[in-house]
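**Q** Sequence plus the predicted model coming up.
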Amino acid sequence: MTTTTAAGKPSATPALELRDVHKNFGATHIIRGVNLAVHAGERVAIIGPNGAGKSTLFNLISGRFGVSSGDIRLNGSSIVGLRPFEINRRGLSRSFQITNIFPKLSVFENLRCSVLWSMGYRYNFWCALSGLGDVNQRAQDLLDRLGLSARRDVLAMNLTYAEQRSLEVGITIGGGANVVLLDEPTAGMSHEETIHFIRMIRTVTQGKTLLTVEHDMGVVFELADRIAVVVYGEVIAFDTPANVKNNPRVQEAYLGAVLQAQDHDEASGPSTAQHAAQQAAQDQAAGGHSQP
């Protein structure tokens, strides 16, 4: 069956597909027959209440957990039974809720480590990293896109929390993966940091398939092409942000209370999504080149 990408182009095979996926821990049924097809180049957000199974889905997709039944396919090929590093080498990479970087390496060195494998380099005692021009250039390009050029030689342990999260995203995509999983990437960030982070994500994941778990509805509605709502281990809706927002079942199960809280916050000031859009418009009017 032919599907279409987020850009409207035909795609015979989803970049990532879950087929009737189940996961049990003993007698407890956590994931209950999830079906999900994410098109190449699409940005999909997974939302749902705490304990719904969102992180478990990420662990199943990335190979940290094995499925109890069902199939997970990456670019048309099953990845069930593969170990995380094998899945990564097939083009899928993920970040975690807890920041995972090399704290005693500089920002540039962190990014250079991430691109080595994708460019075909292996451990070589006699090869100086400073002499790998192509690797260093790709790491520098990624550094620029992340907006961390001014922090190039700073140890990663000395970055702010938001900068460390940005660096982790850079490490996640630096290996050349076409499918990227981000687990609660804006958790713990301030309002201003979140606005900047959304814009950075849109820039560095351009052309890639993005799947993210996120609790901030401002981030979700600003970033996602489609939203999957997970409740008690089942996907109860998978549609555009506008359709999900107006879905009665989603309203009843989860989103109603969240949006009411968001509307209350908006009475005191602009939402993350609104602020990001306003900032992008200001940048454009000023002749800036940043993407919204």
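**A** Perfect, I can see it now. As the structure is a prediction and not an experimental result, all values here were calculated from the model. Residues are numbered from 1 along each chain as shown.

**Q** following the helix or strand Ser114 falls within, which helix or strand shows up next?
**A** Assigned by DSSP states H and E, Ser114 belongs to helix 107-116. Going down the chain from helix 107-116, the next helix or strand is helix 133-146, by DSSP H and E.

**Q** Val219: how many residues sit nearby?
**A** Val219: 25 surrounding residues under other C-beta atoms under 10 Å. Every C-beta, even on glycine, is put in place using the N, C-alpha and C of the backbone.

**Q** The nearest residue to it once chain neighbours are set aside - how many residues pack around it?
**A** Using C-beta to C-beta, 6 or more residues apart in numbering and skipping the chain neighbours, the partner closest in space to Val219 is Thr186 (5.5 Å). Using other C-beta under 10 Å, Thr186 is surrounded by 23 other residues.

**Q** Please name the residues that touch Thr186.
**A** Arg165, Glu193, Thr194, Phe197, Ile198, Glu214, Asp216, Val219 (C-beta atoms under 8 Å, 6 or more residues apart in numbering).

**Q** ok so, going back, which elements pack onto the helix holding Ser114?
**A** helix 133-146, helix 161-174 (3 or more C-beta pairs under 8 Å, 6 or more residues apart in numbering; DSSP states H and E).

**Q** one step back: identify the farthest-apart pair in the contacts of Thr186.
**A** Greatest spatial distance among the contacts of Thr186 (C-beta to C-beta): Glu193 and Glu214, at 14.4 Å.

**Q** Looking at those two, which has the bigger crowd around it?
**A** For Glu193 versus Glu214, neighbours defined as other C-beta under 10 Å are more numerous around Glu214 (21 against 17).

**Q** Setting aside sequence neighbours, what's the nearest residue to Ala207?
**A** No, residue 207 isn't Ala; it's Gly. Distances taken as C-beta to C-beta, 6+ apart place Gly41 nearest to Gly207, at 6.1 Å, with adjacent residues excluded.

**Q** Check Ala224 too.
**A** Of all residues not flanking Ala224 in the chain, Ala45 sits nearest, at 3.8 Å (C-beta to C-beta, 6+ apart).

**Q** Hmm, Glu222 and that neighbour touching each other?
**A** No: judged on C-beta atoms under 8 Å, Ala45 makes no contact with Glu222 at a distance of 9.8 Å.

**Q** Just give me the residue right at the centre of the protein.
**A** Of all residues in the chain, the one closest to the mean position by C-alpha atoms, centre = their mean is Leu182, 2.9 Å from it.

**Q** List the contacts of it.
**A** So Leu182 contacts Arg94, Ser95, Val169, Thr172, Ile201, Leu210, Leu211, Thr212, Val213 (C-beta under 8 Å, 6+ apart).

**Q** would it count as being in a strand?
**A** Yes: assessed with DSSP: H, G, I helix; E, B strand; the rest coil, Leu182 lies in a strand.

**Q** hey, what's it bridged with?
**A** Counting by DSSP bridges, Leu182 forms beta bridges with Thr212.

**Q** Leu92 versus that one, what's the distance?
**A** Leu182 is 12 Å from Leu92, where distance means C-beta to C-beta, to the nearest Å.

**Q** How much space separates the residue nearest to the centre of the chain from Gln97?
**A** According to C-beta to C-beta, Leu182 and Gln97 sit 10 Å apart.

**Q** Grab the nearest non-local neighbour of Gly188.
**A** Using C-beta to C-beta, 6+ apart, the nearest residue to Gly188 is Tyr161, at 6.2 Å.

**Q** contacting residues for that neighbour?
**A** Counting by C-beta under 8 Å, 6+ apart, Tyr161 touches Thr99, Gly188, Met189, Glu193.

**Q** Confirm the third one sits in a helix?
**A** Same thing as Met189. No: looking at Met189 with three-state DSSP, it is coil, so not inside a helix.

**Q** per-residue pLDDT, it?
**A** The per-residue pLDDT reported for Met189 equals 90.

**Q** Tell me who's in contact with it.
**A** Residues near Met189 by C-beta under 8 Å, 6+ apart: Tyr161, Ala162, Arg165, Phe197.

**Q** show me where the stretch 1-150 of the chain has strands.
**A** In the stretch 1-150 of the chain, the strands defined using DSSP state E, counting those that start in this stretch lie at 3-4, 10-11, 16-25, 28-38, 43-47, 69-74, 77-78, 92-94.
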